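Enquirer: Just a sequence and a predicted model for now, questions to come.
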Amino acid sequence: MSEIRAEVVLLTTSLVKDLPFFTETLHMRLDAIWPADDPAVAILSGHGLRVRLDANVSGTPGRLRILSDDPDALADGARRLTAPGGTEIEIDVLNPPVIQPPTQHAFVVRRLADQAPWIIGRAGMQYRDLIPSRLGGSIIASHIRIPDGGPVPDMVHFHKVGFQLIFCIKGWVDVVYEDQGGPRRLHAGDCFIQPPEIRHRVLEASDGIEVIEIGVPADHVTEIDHEMELPTPHLRPEREWQGQRFVHNVAQGAEWRPYRLPGYVCRDTTIGENTAGVASVEVVRRGEGDFAWATHDGDILFGFVMGGAMTLQGEGKTPCLLAPGDAYVIPPGMRTRWSEPSDDVEILEVALPGRFVTEIHR
């Protein structure tokens with residue numbers, strides 16, 4: 001097989017001054033230079049990159065971004081530099097921490113009947129945005145579907161997130177996870193919590209598969225892992241990723257208990273326990289008793305109607321009749337009431353943090 005190389009071409013207006021800058025300040029290696037009597041082109045390599053500094057090209061100076069576990073070890077700690085020949089240099093952290101922006105609280109209702117567009121996303125999946133404002137970037141909630149089932153063109157990947165939930169509402173999907181054994185099938189009513197940076201791959205899905213995906217914060221990076229093969233050889237169900245454990249919660253045979261609001265019951269998915277209170281996920285159904293107005297002191301309280309119907313009343317708001325496919329967010333301190341539920345109503349509730357106080361106003 002023939003050898004192939006790739007290089008980035010950067011305009012230089014002063015090659016003689018650029019050479020010590022790139023080799024001494026940026027710690028790159030000089031690999032080639034020509035012509036000998038009046039150099040105009042130099043090839044340098046380093047930090048996973050091959051650069052061609054060329055005084056013969058036209059245009060504007062380029063920009064080079066260098067990422068390091070120890071960025072202060074380069075360029076005496078400077079983060080923004082300009083090379084003598086014009087190239088702009090940006091030095092940053094290789095693996096920055098996930099930053100959760102402050103929540104911009106709002107009362108949100110998103111109806112399926114509003115016909116928001118479905119967007120083609122990663123691996124050919126279709127996405128519908130359930131919180132268009134993203135609450136200031138604090139959360140993304142997506143309704144995802146794959147109309148035609150079969151193998152999914154996915155790769156081993158991971159997400160740099162603070163919290164991520166996959167809840168199946170229709171059909172089934174097979175996913176394989178790092179250190180969790182062979183493929184796992186998620187059926188309607190089941191859910192996964194994907195701890196931060198756990199490697200996984202979507203394998204196959206049924207026709208018409210639909211899931212709800214919650215990610216915190218809204219803007220997070222998905223990286224492909226080209227080295228890891230799944231499944232991994234070891235089964236480690238107790239392993240933690242940044243204090244969180246993988247959860248595969250199965251709806252069948254779940255225990256139902258009184259919900260935080262009167263008139264309803266719920267089943268816990270154990271996500272609160274396995275994330276050390278980062279989030280909680282519950283499925284809610286109609287129970288016995290009267291309905292009441294209530295407030296909560298949590299940061300984010302998201303709901304998605306999976307079945308049946310109910311009316312969401314909010315103080316100062318027009319009552320909203322919610323049907324399957326509708327989503328809402330209730331901000332802290334706002335009085336709301338769930339009323340007129342159908343017998344078959346079923347609601348997915350996601351709360352961040354997982355532990356918060358609900359006050360009933362009778």
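Expert: Good, I have the coordinates.
Enquirer: what about this protein, any weak spots by pLDDT?
Expert: With pLDDT under 70 as the threshold, the chain has low-confidence stretches at 122-123.
Enquirer: what about the residue nearest the centre of it, which helix or strand?
Expert: Against the mean C-alpha coordinate of the chain, by C-alpha atoms, centre = their mean, the closest residue is residue 215 at 4.2 Å. Here residue 215 is covered by strand 209-216, with elements defined by DSSP states H and E.
Enquirer: so after that strand, what's the next helix or strand?
Expert: The next secondary structure element downstream of strand 209-216 (using DSSP H and E) turns out to be strand 221-224.
Enquirer: which residues does residue 282 form a beta bridge with?
Expert: For residue 282, the residues forming beta bridges with it (DSSP bridges) are residue 268, residue 349.
Enquirer: Quickly note the distance from it to residue 270.
Expert: Look at residue 282 and residue 270: by C-beta to C-beta, to the nearest Å, they are 10 Å apart. From N, CA and C alone the C-beta is placed, and that goes for glycine too.
Enquirer: do the same with residue 84
Expert: With distances taken as C-beta to C-beta, residue 84 is found 59 Å from residue 270.
Enquirer: Which parts of the protein are helices?
Expert: 15-20, 271-274 (DSSP state H).
Enquirer: Quick one, which of those gets closest to residue 132.
Expert: Put simply, out of the helices of the chain the one that sits nearest residue 132 is helix 271-274, at 25.0 Å, with distance taken as C-beta to C-beta.
Enquirer: Which other helices and strands does that closest one contact?
Expert: If you count contacts as 3 or more C-beta pairs under 8 Å, 6 or more residues apart in numbering; DSSP states H and E, helix 271-274 packs onto strand 191-193, strand 247-249, strand 280-286.
Enquirer: roughly how far out does that helix sit from the chain middle?
Expert: The gap between the average C-alpha position of helix 271-274 and the chain average comes to 18 Å, counting by C-alpha atoms, centre = their mean, to the nearest Å.
Enquirer: and it, which residues are buried?
Expert: Using 16 or more other C-beta atoms under 10 Å as the burial criterion, the residues of helix 271-274 that qualify are 271-272, 274.
Enquirer: Equivalent analysis for stretch 299-308, please.
Expert: 299-306, 308.
Enquirer: Highest mean neighbour count across the helices and strands packed on helix 271-274, which stretch is it?
Expert: Most buried of those by mean neighbour count (mean count of other C-beta atoms under 10 Å) is strand 191-193; its value is a mean of 25.
Enquirer: what sits up against that strand?
Expert: 163-168, 175, 177, 184, 186, 244-249, 269, 271, 274-275, 281 (C-beta atoms under 8 Å, 6 or more residues apart in numbering).
Enquirer: Can you get me a residue count around residue 37?
Expert: The local packing count at residue 37 equals 5, with neighbours defined by other C-beta atoms under 10 Å.
Enquirer: Touching stretch 108-122 from outside, list them.
Expert: With contact meaning C-beta under 8 Å, 6+ apart, stretch 108-122 is reached by 126-133, 135, 144-145, 222, 312, 320, 322-329.
Enquirer: distance between the ends of stretch 101-109?
Expert: Start to finish, the residues bounding stretch 101-109 are 22 Å apart (C-alpha to C-alpha, to the nearest Å).
Enquirer: list the buried ones in that stretch?
Expert: Going through stretch 101-109 with 16+ other C-beta under 10 Å, the ones that come out buried are 103, 105, 107-109.
Enquirer: which two from the residues you listed end up farthest apart in space?
Expert: With distances taken as C-beta to C-beta, the most widely separated pair in the buried residues of stretch 101-109 is 103 and 109, at 17.4 Å.
Enquirer: how about the nearest residue to the residue nearest to the centre of the chain, chain neighbours excluded?
Expert: The shortest distance from residue 215 to any residue other than its chain neighbours is 4.7 Å, reached at residue 140 (C-beta to C-beta, 6 or more residues apart in numbering).
Enquirer: doesn't residue 94 make contact with residue 67?
Expert: Yes: contact status for residue 67 versus residue 94: in contact at 4.2 Å, counting by C-beta atoms under 8 Å.
Enquirer: Between these two, point out the one with more neighbours.
Expert: Residue environment comparison for residue 67 versus residue 94 gives the larger neighbour count to residue 67, 14 against 10, counting by other C-beta under 10 Å.
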